[in-house]
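**Student:** Model the following, please.
(one chain, ligands or ions: 2)
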Amino acid sequence: MIVLGIETSCDETAAAVVVDGLDVRSNVISSQVDLHARFGGVVPEIASRAHLEVVNGVVADALAQAGVGFGDIDAVAATCGPGLAGALLVGVSAAKAIAVTLGIPYVGVHHLEAHLQAAWLQDPAVEMPMAVLLVSGGHTMLVAVRGASDYEVLGETVDDAAGEAYDKVARLLGLGYPGGPVIDRLAADGDPRAVRFPRPMIGDGLDFSFSGLKTAVLHQVRRAPDMAVADLAASFQAAVVDVVVAKLAAAAEAIDARTLVIGGGVAANAALRAAVADLAARSGRTALIPPRALCTDNAAMIAATGYRRLVEDGPTPLTAGATPTLALPGLGRPRG
Ligand code: KG4
Ligand code: ZN
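**Tutor:** Numbering: from 1, shown residues only. Ligands and ions are numbered 1, 2, ... in the order given. Sure, this is the predicted structure:
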């Protein structure tokens with residue numbers, strides 16, 4: 001089954017063709033980062049307009065790169081939430097228009113379920129249970145995955161997302177947007193022990209908090225304005241990585257995970273990738289660290305999840321819209 005996936009939930013317009021939920025034939029991403037950079041973050045209205053301008057071209061590229069035409073597609077999937085309302089609507093409307101025109105099923109896909117499904121795109125034989133650390137600009141959570149559609153949220157952030165912390169710290173250091181890649185790069189040449197920033201909630205359950213860490217960086221900059229930016233970046237990054245890796249370790253222990261997985265934009269981070277590989281080696285588990293293109297927002301994960309939802313649940317009605325705060329079905333917090 002050939003599924004076309006479309007992703008427009010935030011600031012990447014993406015389309016991909018995936019066969020039988022596993023075989024990625026194309027994975028095209030058009031980033032709007034340059035449009036938002038001078039505002040220091042994603043501007044929703046600019047995002048919607050930019051998606052509108054490029055979505056048809058991105059879909060055409062995805063089909064061309066996969067060597068298929070519209071007539072070959074069996075279903076079309078789009079991210080229907082969570083995300084920016086206007087941005088989501090562009091992808092959902094494009095997908096529905098294609099579905100109606102071709103007389104094929106439309107499937108609405110949950111963005112976070114798609115990040116979880118990226119593990120299977122990387123390794124179809126991935127061993128369960130897996131402890132997944134999802135760290136992006138909008139979300140930070142730990143999820144136990146015991147089967148292809150069996151998810152349980154073990155913990156999440158009580159304030160900022162990890163990527164949001166990177167972006168806010170980059171802004172206060174005058175490094176531009178998005179902050180993650182530039183802090184990652186600078187940190188490689190800095191001393192992670194230059195400043196001992198707090199490790200918020202490190203021994204305290206599986207939830208996260210990053211807003212205090214951001215404030216600690218602000219105070220440090222005010223106290224010592226001449227400190228090398230690379231040292232600040234490395235020290236901040238060390239605090240984030242220590243916390244998320246300690247919590248991933250605790251989650252893996254709690255569910256006796258066979259596999260450790262990371263996903264979301266922050267999973268592109270070099271220090272985090274190295275620390276998770278190291279944790280896996282130390283704890284006798286397998287690390288599944290997808291390539292950066294499958295960690296950041298992409299449409300291959302949307303097409304793959306669309307395939308799974310179509311097979312298990314059938315098509316999504318064309319009357320269903322986009323939901324900016326969509327909850328993940330079957331994803332409950334553990335009681336107590
Ligand atoms: O998953 P994503 O592409 O978009 C969503 O938020 O859904 O994640 C974007 C976030 C941004 O906050 C960005 O600063 C962060 O991921 N990011 C990174 C790196 N690359 C992107 N954070 C740390 N290190 C990186 N190399
Ligand atoms: Zn995402």
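**Student:** wait, what's in contact with Leu89?
**Tutor:** Contacts here follow C-beta atoms under 8 Å, 6 or more residues apart in numbering; on that basis Leu89 touches Ser48, Gly321, Ala322. Where C-beta positions appear, they are placed from N, C-alpha and C, glycine not excepted.
**Student:** Which helix or strand in this structure has the lowest average pLDDT?
**Tutor:** Taking mean pLDDT, DSSP states H and E as the measure, the helix or strand of the chain with the lowest value is helix 33-37, at a mean of 85.
**Student:** After that one, which helix or strand is next?
**Tutor:** Of the helices and strands lying after helix 33-37 in sequence (DSSP states H and E), the nearest is helix 44-66.
**Student:** Return the list of strands paired to the helix or strand that that next one is followed by, each annotated with direction.
**Tutor:** Using DSSP H and E, the next helix or strand after helix 44-66 towards the C-terminus is strand 75-81. According to DSSP bridges, strand 75-81 forms sheet pairs with strand 2-7 (parallel), strand 106-110 (parallel).
**Student:** Mean neighbour count, those strands: which tops it?
**Tutor:** Highest mean neighbour count among those (mean count of other C-beta atoms under 10 Å): strand 2-7, with a mean of 29.
**Student:** May I have that strand as PDB, with CA atoms only?
**Tutor:** Provided in PDB are the C-alpha atoms of strand 2-7 (Å, rounded to 0.1, in the frame of the first residue of the first chain):
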ATOM      1  CA  ILE A   2       1.500   3.300  -1.100                       C
ATOM      2  CA  VAL A   3       0.700   6.200   1.400                       C
ATOM      3  CA  LEU A   4       1.400   9.800   0.800                       C
ATOM      4  CA  GLY A   5       2.100  11.700   4.100                       C
ATOM      5  CA  ILE A   6       1.800  15.400   4.700                       C
ATOM      6  CA  GLU A   7       3.200  17.300   7.700                       C
END
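**Student:** is ligand 2 contacted by that strand?
**Tutor:** No - on the criterion C-beta under 5 Å from the ion, strand 2-7 is out of touch with ligand 2, staying 8.4 Å away.
**Student:** could you check the angle helix 44-66 makes with that strand?
**Tutor:** With axes from the mean of the first three to the mean of the last three C-alpha atoms, to 10 degrees applied, the angle from strand 2-7 to helix 44-66 works out at 160 degrees.
**Student:** wait, does strand 2-7 contact ligand 1?
**Tutor:** No - judged by C-beta under 6 Å from any ligand atom, strand 2-7 and ligand 1 are separated, with a smallest distance of 9.5 Å.
**Student:** Hmm, Ala161 is touching Ser209, no?
**Tutor:** No - using C-beta atoms under 8 Å, Ala161 is not in contact with Ser209, being 10.9 Å away.
**Student:** More neighbours: those two, which one.
**Tutor:** A direct count of neighbours by other C-beta atoms under 10 Å for Ala161 and Ser209 places Ala161 higher, at 23 against 17.
**Student:** what's near enough to touch that one?
**Tutor:** Val135, Ser136, Gly137, Gly138, His139, Thr140, Phe210.
**Student:** Spatially, what comes nearest to Ala239 if we skip its sequence neighbours?
**Tutor:** Phe197 (4.1 Å; C-beta to C-beta, 6 or more residues apart in numbering).
**Student:** and the one you found, that's in a helix?
**Tutor:** No - using DSSP: H, G, I helix; E, B strand; the rest coil, the assignment for Phe197 is coil, not a helix.
**Student:** Who are the packing partners of the least confident helix or strand of the chain?
**Tutor:** For helix 33-37, the elements it packs on are helix 44-66, judged by 3 or more C-beta pairs under 8 Å, 6 or more residues apart in numbering; DSSP states H and E.
**Student:** Look up how far ligand 2 lies from the residue lying closest to His110 once chain neighbours are set aside.
**Tutor:** Spatial nearest neighbour of His110, chain neighbours left out: Leu328 (5.3 Å); criterion: C-beta to C-beta, 6+ apart. Leu328 sits 13 Å away from ligand 2, taking C-beta to the ion, to the nearest Å as the criterion.
**Student:** Does Leu328 belong to a helix, a strand or coil?
**Tutor:** Per three-state DSSP, the local secondary structure of Leu328 is coil.
**Student:** which residues touch it?
**Tutor:** His110, Leu112, Glu113, Tyr151, Val153.
**Student:** what do you get for Asp20?
**Tutor:** The contact partners of Asp20, taken as C-beta under 8 Å, 6+ apart, are Met1, Tyr307.
**Student:** What's the separation between it and ligand 1?
**Tutor:** Counting by C-beta to the nearest ligand atom, to the nearest Å, the separation of Asp20 from ligand 1 is 25 Å.
**Student:** hmm, back to that, same list (the strands paired with strand 75-81) but as JSON lines, adding distance to Arg38 and mean pLDDT.
**Tutor:** As requested, these are arranged in JSON lines below (distance: least, C-beta to C-beta, whole Å; pLDDT from 0 to 100):
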{"stretch": "strand 2-7", "distance to Arg38": "24", "mean pLDDT": "98"}
{"stretch": "strand 106-110", "distance to Arg38": "31", "mean pLDDT": "97"}
